[in-house]
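Undergrad: just the structure for this:
(one chain, ligands or ions: 1)
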Amino acid sequence: MNTGASELRGGKRGRETMMAMTTLALLGALMMGGCKQEPSAAAGVEQKPTVPAAQIAAEYDPPAGTPPALKVDGKRAFELTGQFVAIGKRPLGSEGHKKAEEFIESHLKAAGAQIEEDSFTAQTPVGAFPVTNIIGKYPGKKDGIIVLAGHYDTNYPLRNVDYVGANDGGSTTGLLLEMAEEFKKNPPQGYSIWIVFTDAEEAMVHWSDSDSVYGSKHLAEKWKQDGTAKKVKAFLLLDMIGDKDLDVQRDDNSTQWLEDVVGRAAGRLYHSSHFFQTETAVEDDHLPFKKAGIPVADIIDIDYGYNDVYHHTVQDTMDKLSPNSLQIVGDVVMETIRALNTK
Ligand SMILES: [Zn+2]
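TA: Modelled structure (predicted):
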């Protein structure tokens with residue numbers, strides 16, 4: 001993702017303006033009459049198909065009596081983030097990158113996941129690099145998969161400064177590994193859970209469609225080819241969710257009914273003050289999977305520090321993060337999984 005300011009530093013791209021949800025709600029109300037009108041057949045406009053019932057977010061609200069969702073351990077997620085970030089920078093082709101892979105795989109193994117690697121060579125504007133997406137699988141009892149994902153690499157252009165990406169790549173790695181530990185203790189009773197650590201999310205020179213999300217593009221294409229894409233019920237991407245001042249934006253580029261399911265999950269946990277109070281459009285690891293026909297939601301706080309000042313700078317360090325933010329996001333993701341499993 002990325003704001004205008006971070007784009008200058010070679011970051012993910014997001015729309016600069018954010019509108020308060022109140023404004024959006026008002027706009028929505030004003031526009032509703034026009035948008036909801038059915039085009040008349042006489043006008044020769046093709047009628048759009050109605051939204052299938054399965055995609056109405058409220059229908060995913062868990063009925064009374066449904067067992068509660070798992071809770072994450074925010075302190076443990078923070079601790080894992082700290083250990084991972086202590087490896088240091090982890091750009092493609094570096095020693096730190098290798099150590100990052102080993103860290104993730106050893107923790108996934110300890111957490112009882114079935115581990116799979118998706119390795120390939122990425123052609124980038126600055127040469128060819130080995131790229132490895134790491135997948136930890138927890139088989140469920142229902143036919144279908146819920147994917148949780150986050151990237152673990154740090155920016156190649158920042159390889160010569162002390163940039164560790166504590167929030168950007170670190171926070172999600174720590175939280176996803178802690179969630180893996182929860183799935184070891186409580187194996188999925190619904191859909192299978194696949195935890196994907198994407199690689200080469202960051203741009204090698206400057207963010208563009210061709211210079212970004214190398215790992216995700218490869219994995220999404222693979223899943224499209226081998227039929228996995230059709231089995232994925234939801235792809236929940238986490239990015240930069242450790243910020244002490246947690247404000248997860250609503251993402252216009254995500255699948256909107258799935259965003260609604262996430263928003264309703266946040267509401268049920270009384271965390272709405274941290275979710276979707278503002279809105280933007282984010283370019284991130286979720287887009288290749290959306291292109292492959294998978295419902296996607298990017299859970300991202302792209303406003304990191306005042307006016308995104310820490311993003312892609314050496315200021316992205318552990319002291320800017322909080323266990324509480326990891327707890328909130330982790331719990332909302334668990335509640336979202338509970339909701340998705342009602343269908
Ligand atoms: Zn980044």
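Undergrad: which elements pack onto the top helix by length along the chain?
TA: Longest among the helix segments of the chain by residue count, using DSSP state H, is helix 323-340. Helix 323-340 sits against helix 74-85, strand 142-151, helix 172-185, strand 191-198, strand 232-239, helix 256-268, strand 296-300, with contacts defined as 3 or more Cβ pairs under 8 Å, 6 or more residues apart in numbering; DSSP states H and E. Yep, even glycine has a C-beta here, placed from its N, CA and C like the rest.
Undergrad: can you list the weak-confidence ranges in the stretch 51-200 of the chain?
TA: Along the stretch 51-200 of the chain, segments meeting pLDDT under 70 span 51-54.
Undergrad: related to what we said a few turns ago, pull out the buried residues from the longest helix of the chain.
TA: By neighbour count on 16 or more other Cβ atoms under 10 Å, the buried set for helix 323-340 is 323, 325-340.
Undergrad: before we move on, back to that, as a markdown table, the helices and strands packed on helix 323-340 with mean neighbour count and distance to Val213 would be great.
TA: Compiled in a markdown table, these are given as follows (neighbours: other Cβ atoms under 10 Å; distance: least, Cβ to Cβ, whole Å):
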| stretch | mean neighbour count | distance to Val213 |
| --- | --- | --- |
| helix 74-85 | 21 | 21 |
| strand 142-151 | 22 | 8 |
| helix 172-185 | 23 | 14 |
| strand 191-198 | 25 | 8 |
| strand 232-239 | 25 | 10 |
| helix 256-268 | 21 | 19 |
| strand 296-300 | 28 | 12 |
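Undergrad: so which of these is nearest Val314?
TA: Nearest of the helices and strands packed on helix 323-340 to Val314, taken as Cβ to Cβ: helix 74-85 at 12.6 Å.
Undergrad: would you tell me what the next helix or strand after the closest one is?
TA: helix 95-110 (DSSP states H and E).
Undergrad: list the buried residues for that next one?
TA: By 16+ other Cβ under 10 Å, the buried positions in helix 95-110 come out as 96-97, 100-101, 103-105, 107-108.
Undergrad: am I right that Leu177 is in contact with Glu105?
TA: No - using Cβ atoms under 8 Å, Leu177 is not in contact with Glu105, being 10.5 Å away.
Undergrad: relative to strand 232-239, how tilted is the longest helix of the chain?
TA: Taking axes from the mean of the first three to the mean of the last three Cα atoms, to 10 degrees, one finds helix 323-340 and strand 232-239 inclined to each other by 170 degrees.
Undergrad: how many neighbours does Phe276 have?
TA: 19 (other Cβ atoms under 10 Å).
Undergrad: one more: Asp162?
TA: Residues near Asp162, counting by other Cβ under 10 Å, number 9.
Undergrad: tell me the contacts of it?
TA: 88-89, 314 (Cβ atoms under 8 Å, 6 or more residues apart in numbering).
Undergrad: repeat that for Ser272.
TA: Contacts of Ser272 (Cβ under 8 Å, 6+ apart): 263, 266.
Undergrad: where's it relative to His151, distance?
TA: Distance of Ser272 to His151, computed by Cβ to Cβ, to the nearest Å: 27 Å.
Undergrad: related to what we said a few turns ago, nearest to Met204, out of the helices and strands packed on helix 323-340?
TA: In terms of Cβ to Cβ, the element of the helices and strands packed on helix 323-340 nearest to Met204 is strand 142-151, at 13.7 Å.
Undergrad: the closest one to strand 296-300, inter-axis angle?
TA: Interaxial angle, strand 142-151 versus strand 296-300 (the same axes, to 10 degrees): 40 degrees.
Undergrad: what helices and strands are in contact with strand 142-151?
TA: Secondary-structure packing of strand 142-151 (3+ Cβ pairs under 8 Å, 6+ apart): helix 172-185, strand 191-198, helix 228-231, strand 232-239, helix 323-340.
Undergrad: could these go into TSV alongside distance to Ala58?
TA: Formatted as TSV, the helices and strands packed on strand 142-151 follow (distance: least, Cβ to Cβ, whole Å):
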stretch	distance to Ala58
helix 172-185	26
strand 191-198	20
helix 228-231	25
strand 232-239	16
helix 323-340	10
